[in-house]
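**Student:** whatever this is, show me its structure:
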Amino acid sequence: MPRHEVVSPIPGVFYRRPDPGSPPFAEDGATVTEDQSVGLVEVMKSFHQIPAGAAGTLVEFLVDDEAEVDAGQPVAVVETG
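**Tutor:** Next up, the predicted model:
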C-alpha cells in the first residue's frame, strides 16, 4: 500500500490533542481525510494544526505526544489507496 508521511510544517512541540482534557485528534488505525487534523505544533504559545495531507488509514505516529519536532519532520504515517 502507498504510504504518506505527515510532516510538521514548523519546529515546535507536537501535541496529539487539542487540549489536555480532550481525546486525541486521531488514533492508530483510524480512517482520516486529507484535511483532518492529526495533531498540533506549538511554538511561542501559537498552535498550528497539522492535517493528514492524504485520505486513508493512520497507521502510526512517529513521535511521542509533547515531543519537540523540526520543520519537515515526519510525525505520522497514513496508508492511502
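**Student:** quick one: the helices in this structure?
**Tutor:** Using DSSP state H, the chain contains no helices.
**Student:** pLDDT below threshold where in it?
**Tutor:** Within the chain, not a single segment meets pLDDT under 70.
**Student:** who touches the residue nearest to residue 73 when sequence neighbours are not counted in this structure?
**Tutor:** Closest residue in space to residue 73, ignoring its immediate chain neighbours: residue 8 at 5.1 Å, by Cβ to Cβ, 6 or more residues apart in numbering. (Glycine included, C-beta is placed from N, CA and C.) Counting by Cβ atoms under 8 Å, 6 or more residues apart in numbering, residue 8 touches 14, 41, 50, 69, 70, 71, 72, 73, 75.
**Student:** burial check on the fifth one, number of neighbours?
**Tutor:** For residue 70, the neighbour count with other Cβ atoms under 10 Å is 10.
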